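*Asks:* Kindly return the folded structure for what I paste below:
(chains A and B)
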Amino acid sequence: MTDTHGHRPAAGAQPAAGARMPSARAEQPGAEPAPAGSAAAEPEAAARGASGGAEPLLDIVGLGLELPGAARPLLADVSLRVRPGEVVGLVGESGSGKSTTAKAALALFPDGARPTGEVRVAGTDVLALRGEALRAHRARTVAMVHQDPRAALNPVRRVGDFLTERLALAGFAGNRAAVRGRAVELLAEVGLPDPARRLRQRPHELSGGMLQRVVIAGALAVGPRLLLADEATSALDVTTQAEILDLLRTVRREHGTGLLFITHDLQLAAAYCDRVLVMYAGRLVEHRPAEALFTDPRHPYTRGLLECSPTLDEAAAGVRPIPGRPPSLADAFPGCPFTARCPGAEPECERWQPRPVPLPGDGMAACRRLAEYEPDGAESGGADAGTDARGAAAGAEGVERAGADPSPGPVAVSAPARRDAAPGPVSGTTEGGAG
Amino acid sequence: MLGRLLRRLAGLVATLFAASFVIFAAVYAAPGDPAVFLAGGRDKLTPEKLAAVREQYHLDEPLVVQYGRWLWDCLHGDLGRSFKYTDQVADLLTSRLPTTLELVAYATVLFVVFGVGAGIVAAVRRGWADQAVVGGTTLAASVPNFVAAIGLVALFGVRLGWFPVTGQGSGFTGTLHHLTLPAVSLALGALAVISRVTRQSMLDAAASDHVAAARASGVPERTLVRRHVLRNALGPIVTMCGLVTAGMLAGTVVVETAFGLSGVGSLLVNAINTHDFPVAQAVLLLMVTGYVVVTNLVDLVHPLLDPRVRAERSAA
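*Replies:* Here you go, the predicted structure:
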């Protein structure tokens, strides 16, 4: 999906930032200096975000996607939720189904694919939308920020044309001057210098980072409730990446949008998101609060991903790539799809149909040998996690809901603290990344 | 900008210079001796008379000298006198040219509207519409245009009586009325290539990421096709339309003959048949000039369609 070499330095720099995270998180949100352009925040969008707090913005339940001619489903039993103001990370190798999952929120599927399950955005059943209703949904409720801004913008049209088109989609009424004024405002809000001049420029005259700001401004133009960032920073250099991450975080806070953040960089996801879901071969293999995933990964694939990246603590020799290659659509798996590359695989794994096994406290992992991987022999969840297959799926659902719900229930200690201080860490992360 | 224009202009002049020599030499090398024709036929011919005619028309000089003389006169606006009509060639051309230009312009409008339109339909609708367009235009292109002309005359001219079958009419509507059948038979052959270039270019443009991105943001399909697909596909379409139009300037001969139009094409055919060197050379030179000018115009339009071309050129 993308070139991993391009952002290797970023991955290398991230753990340092991640190590500083807890202290950075302790800061109060109020301590964060208001970024430029924050005054332009739309009050109505913020109000919408606040009022919609009860129901999830994106609620995917048991999503499956069959493609004729493929040996395995593109997606199988994917469930995830994004709440207003929440950042949810979606991590995995190329072809793991991250983008396909995100595009389900727009009801965008590959030609001929048959989706099963349920996709709700702000309560609307997206899979049932057709024609004009579907178009309006794509135009106003959900916005997507793509990996390569240069490919996402029409090269022969001006930046101003792009923003004007998005404003028209959002039903922005007014004469030319009003539309232009709003476009200038949007560009100023995403921190582009000299916005009036940018409107007359064409994509090839701007840098990648500037273009990604333009794309984000276009996303903001429609006042979306859910933002899908599909590798939005992977094609950018490290400092630009940090700036864009900061911008997305600001947008999320000021507009109360939910953010589904897709990346192949687990360190980045752990540092940036509230919760992280790891995907492999079209399935969710682990779903944890970000910090827990980073400090205590439970699925062997997640561990493998973390070990793939060099850290400052270890020498370069500490990097251990996951053996084998990511599965293609031609590979079918009777059991756990990770068996072939898993260091702890047993013969039974090849027949074990993966299902979410709830973890004590919060999250889930889909591994047959989860109990044996228990790091400190915690008894609490070990018994049912390892063997009781009957209630596992239902249990996982329950835990996921409890974990996702910020207000009541048995939530892991770190989760509420993370949520409250969420805006803080980005500045920490970005400084770490930039410096 | 100015430097680029000057360079282009210099290229244009060089092309015309080379073309003029080829044309002159080709007509010179054509079988048959114009002096025999000028002297009034083979039967009453004496060597002395032939030599006198040759000298009068400078036909006894070497090729290069004749070419130099001709070129020099051309540059001074003197295209020579017709051997046959003894009129100034320039006068012959100005009386014939409007008909040909009108015919080509009319045919261009027809094939651009219907060819590009059919290509858009094929690219957007796909399926049976696509197959119908490809099949229909291929059929139209495989019929030679004199056959199409005869068919059109038989159906619309003779049986239905909707259009006149000969002459060029007067006034705007009269011209339009008279030139419809010739223009249709001229445009038919171009439909296939134009519609197919349009279709392919649109499919390529529609496959780009930014179109998928625009679709994902709920841009209505109609706007998507107009602003993102067709707009980006225009480069090849405009180039192809320009080339076809330029080709038509030199390809009206058959249609003009079939419909009895006194245009430049029929002038050329007569000139070649009667060894009327000055007329044939002038007409051919005019056609080459038209072709070169049109293709250069297309090149000049290209940067306006795709700003990236402009950026590359100014960087180079």
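*Asks:* use CA for all of it now, contacts and neighbours both
*Replies:* Noted.
*Asks:* Report whether residue A:62 is found in a helix, as I expect.
*Replies:* No: using DSSP: H, G, I helix; E, B strand; the rest coil, the secondary structure at residue A:62 is strand, not a helix.
*Asks:* Excluding chain neighbours, what is closest to it?
*Replies:* Among residues not flanking residue A:62 along the chain, residue A:77 sits closest, at 4.1 Å (Cα to Cα, 6 or more residues apart in numbering or on different chains).
*Asks:* which SS state does the one you found fall under?
*Replies:* strand.
*Asks:* doesn't residue A:60 make contact with it?
*Replies:* No: using Cα atoms under 8 Å, residue A:77 is not in contact with residue A:60; the gap is 9.5 Å.
*Asks:* Overlap in contacts, these two.
*Replies:* residue A:117 (Cα atoms under 8 Å, 6 or more residues apart in numbering or on different chains).
*Asks:* if you count what's nearby, which of those two comes out ahead?
*Replies:* residue A:60 (24 against 20; other Cα atoms under 10 Å in any protein chain shown).
*Asks:* show me what contacts that one?
*Replies:* Shown in contact with residue A:60 (Cα under 8 Å, 6+ apart): A:78, A:79, A:80, A:81, A:117, A:118, A:119, A:120.
*Asks:* And for the nearest residue to residue B:216 once chain neighbours are set aside, the neighbour number?
*Replies:* Leaving aside its sequence neighbours, residue B:216 sits nearest to residue A:138 (Cα to Cα, 6+ apart; 6.1 Å). Neighbour count of residue A:138, defined by other Cα under 10 Å: 25.
*Asks:* same question, residue A:345
*Replies:* By other Cα under 10 Å, 17 other residues sit near residue A:345.
*Asks:* Could you do residue A:86 as well?
*Replies:* The number of residues near residue A:86, taken as other Cα under 10 Å, comes to 25.
*Asks:* For the residue nearest to residue B:216, give its distance to residue A:184.
*Replies:* Plainly put, residue A:138 is 23 Å away from residue A:184 if you go by Cα to Cα, to the nearest Å.
*Asks:* got it, and residue B:214?
*Replies:* Plainly put, residue B:214 is 21 Å away from residue A:184 if you go by Cα to Cα.
*Asks:* More neighbours: which of these two?
*Replies:* Neighbour comparison, residue B:214 and residue A:184: the larger count goes to residue B:214, with 24 against 21 (by other Cα under 10 Å).
*Asks:* and the stretch 201-350 of chain A, which of its residues are near chain B?
*Replies:* Counting by Cα under 8 Å from any Cα of the partner chain, the residues of the stretch 201-350 of chain A close to chain B are A:202, A:204.
*Asks:* which residues of the stretch 201-350 of chain A fall in helices?
*Replies:* Applying DSSP state H, counting those that start in this stretch to the stretch 201-350 of chain A gives helices spanning A:208-221, A:238-255, A:266-272, A:290-295, A:300-308.
*Asks:* Most distant residue from the centre of chain A?
*Replies:* For chain A, the largest distance from the centre (Cα atoms, centre = their mean) belongs to residue A:175, which lies 36.9 Å off.
*Asks:* which residues sit against stretch A:91-105?
*Replies:* Contacts of stretch A:91-105 (Cα under 8 Å, 6+ apart): A:1-2, A:58, A:74-75, A:78, A:90, A:109, A:119-121, A:126, A:142, A:228, A:230, A:260, A:262-266, A:269, A:276-283, A:326-328.
*Asks:* try 6 Å
*Replies:* A:1, A:263, A:264, A:278, A:279, A:280, A:281, A:282 (Cα atoms under 6 Å, 6 or more residues apart in numbering or on different chains).
*Asks:* and the fifth one, how many neighbours?
*Replies:* Neighbouring residues of residue A:279 were enumerated by other Cα under 10 Å; the total is 25.
*Asks:* sec struct for residue 71, please.
*Replies:* No chain in the question, so chain A it is. With three-state DSSP as the criterion, residue A:71 reads coil.
*Asks:* my guess is it contacts residue A:333, does it?
*Replies:* No: counting by Cα atoms under 6 Å, residue A:71 sits too far from residue A:333 to count as a contact (8.7 Å).
*Asks:* the more surrounded of those two?
*Replies:* residue A:333 (18 against 14).
*Asks:* quick one: buried residues of whichever helix in chain B runs longest?
*Replies:* Determined from DSSP state H, the single longest helix within chain B is helix B:171-206. Judged by neighbour count (16 or more other Cα atoms under 10 Å in any protein chain shown), helix B:171-206 contains these buried residues: B:175-203, B:205-206.
*Asks:* show me what contacts whatever residue of the stretch 151-300 of chain A ends up closest to chain B?
*Replies:* Per Cα to the nearest Cα, residue A:152 is where the stretch 151-300 of chain A lies closest to chain B, at 4.1 Å. Residue A:152 makes contacts with B:209, B:210, B:213, as judged by Cα under 6 Å, 6+ apart.
*Asks:* Next, give phi and psi for it.
*Replies:* Phi and psi for residue A:152, reported as degrees, to the nearest 10, are phi -90, psi -10.
*Asks:* what does residue A:117 give?
*Replies:* Dihedral pair for residue A:117: phi 100, psi -160, per degrees, to the nearest 10.
*Asks:* For the residue nearest to it when sequence neighbours are not counted, give the beta-bridge partners.
*Replies:* Distances taken as Cα to Cα, 6+ apart put residue A:63 closest to residue A:117, at 4.4 Å, once the chain neighbours are dropped. Under DSSP bridges, the beta-bridge partners of residue A:63 are residue A:78.
*Asks:* pLDDT wise, what is residue A:63 at?
*Replies:* At residue A:63, the pLDDT value in this model is 90.
*Asks:* Provide a list of residues in contact with it.
*Replies:* Going by Cα under 6 Å, 6+ apart, residue A:63 touches A:77, A:78, A:116, A:117, A:118.
*Asks:* Kindly report the domain assignment for chain B.
*Replies:* Domains of chain B are assigned by automatic domain parsing as B:20-75, B:89-315.
*Asks:* Could you dump these into JSON lines and include distance to residue A:351?
*Replies:* Shown next, in JSON lines, are the domains of chain B (distance: least, Cα to Cα, whole Å):
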{"stretch": "domain B:20-75", "distance to residue A:351": "79"}
{"stretch": "domain B:89-315", "distance to residue A:351": "39"}
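*Asks:* Mean pLDDT lowest where, among those?
*Replies:* Among those, domain B:20-75 scores lowest, at a mean of 78.
*Asks:* if we can go back for a sec, return the most buried member of the helices of the stretch 201-350 of chain A.
*Replies:* Mean neighbour count (mean count of other Cα atoms under 10 Å in any protein chain shown) peaks for helix A:266-272 among the helices of the stretch 201-350 of chain A, with a mean of 27.
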